Each structure stands twice: as structure tokens, then as C-alpha cells.
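Asks: just coords:
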């Protein structure tokens, strides 16, 4: 895994779609351009859909890693307001 | 804006939209809108703006709910017959979304009170059913510089336009003076398809949300005409009239006018 430093971290384990994405989107909105968000989640569908949705919004997905049987960590860098 | 879990769920389909997001929803929550008329148009406009989470919604109407209103005025019910329309609508809207502050104003707008009444609000919605009020609201919005989303319905046809004083046309650029009372359909002639205000009110509520969000193109410089029988929408260009009696650089109307006599409204 590349060494990515995150300015903000959220834990959205236990949430289901679309609230997984909504929490991630609101977190990105509250950050500055160039900052990175680290998202910890346990919803398999969201591990696919959040990176895609973030890219659709114009942000950069730095890394998606399955950290154990049921959990993922996603790093997203905010690219625009 | 920090959303509660309930608000995250309630507004989730807004927050997902790139054009809204959390910031747009916060703008909606801090907006103050005043709706003139709690009847056919005011009911759907108020209903949808309440659902959308507009922070403060004032309703102006001096009438009580009657059985003949219920064919189209969807905020009222058999349980609210005889009650002031603004109180009936407040009860319905508050049950839909307790986040929203509903301000019931049971009064008739006149040239003496309208500027004070609209001064506290960001956007004015006209859902009135008569020409004296329509012209009074237009002139007051032009003089006070308030954006106005105007709607009108009759039989199977409805109209919507958005007036941004100082930028686009106003109602008097379209029709300089009210029609003479004899040309306005009498109460016996003025039927309306009950669902029509739902279409027109829905369009007005959409215009309000676009203005709050600063997204899209408002119906400025255009009059949208809906024909329910033909199922057609026609957009007619309405240029700003350089010699408009109220919104031109040299207006001849500089004080508000009450046109009272001889009009019969469709209650």
C-alpha cells in the first residue's frame, strides 16, 4: 500500500447505502482541496460504489484496500470544490 | 451545517445530488420564503418547500377552508373546514417536516402593509387568485428588490414566470395594467382542473429551490405556459419593457396601488 497521509478520517462501519456515500460526501465537502480523506467501511457494495462516485464528482481515489475479511479502507483526495 | 441522523435520512436524496450536497441543503435550511395565497397554488408550493426543508415559510391568506377548496387545495381536509387556511396548512406542513418554521399570516395584503410583510423574506411566491393582489405583489417586489416566482391557473391552462427585479422583466412588462373587471371570468365561468395547480405549483417550488441554490437557469425573461388538454409547454420570451410603468429607469408608478373594485376571485 502506498504511504498516504490523511487529513481527515471517518468510520462508517455499520452504515448501508446510500448513507455510506452521504457521510463520505459530506466529509469531503468540509475539507480543503488537496486534502485526503480516509474512509473505514464494512459494506461490500460501498467499497465499489464510493470510489466510483467520488471519481464522478471529480475527486482522486488514491487507494482502496481490503484490510480484513469484512473491512475496507479508501483514500480519497479532494480535487475540487 | 451539522445534520442529525434524521436529517441525513430526510435530505439524503438532496445531499447526493452534486448540485445540492450538504452545502446546498444548508442554504435551503437557512432560506426564508413567503407564499401569497394558501389555496390551489400555495398548497403544493408550501408542501414541497416544506418537504425540501426550507427554513422558514410564511403563508399569507385571509380566507377559511371551504368544501369547494378540497378538489385542489391539497393541504386542507374535511377536518379543517371553517379553519383559517393558513392555520390548516401550517398543521399539515408541520406534520410533514418539523424542521420548518411555518409562519401563518391571516391577513389581506394592501398597499399599506405589503412592503413590511415581505421585507423579512428572501423570495416571494405569488399563488394569489386575483388581479389586484397579483399587481400589488409585483409592484411591491420590484420596489423592494425581492425575487418573485409568479404562477397563475385557469380552467386547463397555467403560467409560471420568475421575476428578478433589476435583471429581468416584471409582470407589468408583460401586461401593463390589470384587465378591466368585466373581462375577467366571473366566479361561475372560472372553473379549474383540480390537478392543474399541482403542476404549476410544482414548477414554482422548483424555481424557488433553484434560486436558493443558485443553480440552473430561472424562468427569467420567459413565461412558461402549460396547456393540460394538449399536454404542451410553451416558453414565450418576455423582454424587459424599457418603458415599463414600474420597473423601467423612469417609472410612472412610484407608489403602490390597490385595485379593489369589481373583481370576483375564485375562492
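Replies: All right, it came through fine. Source: prediction; values computed, not measured.
Asks: leaving aside the residues next to it on the chain, what's closest to residue 39?
Replies: With no chain named, the answer covers chain A. The spatial neighbour of residue A:39 that comes closest, neighbours along the chain excluded (Cβ to Cβ, 6 or more residues apart in numbering or on different chains), is residue A:74 at 4.5 Å. C-beta here means a position set from N, CA and C on the backbone, and glycine is covered the same way.
Asks: could you do chain B instead?
Replies: Going by Cβ to Cβ, 6+ apart, residue B:39 has residue B:73 as its nearest residue, at 5.3 Å.
Asks: Am I right that residue B:190 falls within a strand?
Replies: No. Checked against DSSP: H, G, I helix; E, B strand; the rest coil, residue B:190 lies outside a strand; its state is coil.
Asks: That one: how many residues sit nearby?
Replies: Using other Cβ atoms under 10 Å in any protein chain shown, residue B:190 is surrounded by 15 other residues.
Asks: for the stretch 101-250 of chain B, what are the low-confidence residue spans?
Replies: B:186-188 (pLDDT under 70).
Asks: what about the residue in it that chain A sits nearest to, how many neighbours?
Replies: For the stretch 101-250 of chain B and chain A, the shortest gap (Cβ to the nearest Cβ) falls at residue B:214, measuring 13.6 Å. Using other Cβ under 10 Å, the number of residues around residue B:214 comes to 10.
Asks: now the helices: where do they sit in chain A?
Replies: Along chain A, the segments classed as helices by DSSP state H run A:19-29, A:44-56.
Asks: TSV for those, including mean pLDDT, mean neighbour count and distance to residue B:130?
Replies: TSV is the format used below for the helices of chain A (pLDDT from 0 to 100; neighbours: other Cβ atoms under 10 Å in any protein chain shown; distance: least, Cβ to Cβ, whole Å):
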stretch	mean pLDDT	mean neighbour count	distance to residue B:130
helix A:19-29	96	21	44
helix A:44-56	96	16	48
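Asks: Of all those, which one is nearest chain B?
Replies: The closest approach between chain B and any of the helices of chain A, judged by Cβ to the nearest Cβ, belongs to helix A:19-29 at 4.5 Å.
Asks: For the chain, which segments count as strands?
Replies: Let's take chain A. When assigned using DSSP state E, the strands of chain A occupy the ranges A:8-11, A:36-41, A:60-66, A:72-77.
Asks: Let me rephrase: I mean chain B.
Replies: Along chain B, the stretches classed as strands by DSSP E are B:32-36, B:56-60, B:101-105, B:123-126, B:148-154, B:157-163, B:222-227, B:232-237.
Asks: Could you save these as JSON lines and add columns showing mean neighbour count?
Replies: Below are those laid out as JSON lines (neighbours: other Cβ atoms under 10 Å in any protein chain shown):
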{"stretch": "strand B:32-36", "mean neighbour count": "25"}
{"stretch": "strand B:56-60", "mean neighbour count": "25"}
{"stretch": "strand B:101-105", "mean neighbour count": "17"}
{"stretch": "strand B:123-126", "mean neighbour count": "26"}
{"stretch": "strand B:148-154", "mean neighbour count": "25"}
{"stretch": "strand B:157-163", "mean neighbour count": "25"}
{"stretch": "strand B:222-227", "mean neighbour count": "17"}
{"stretch": "strand B:232-237", "mean neighbour count": "11"}
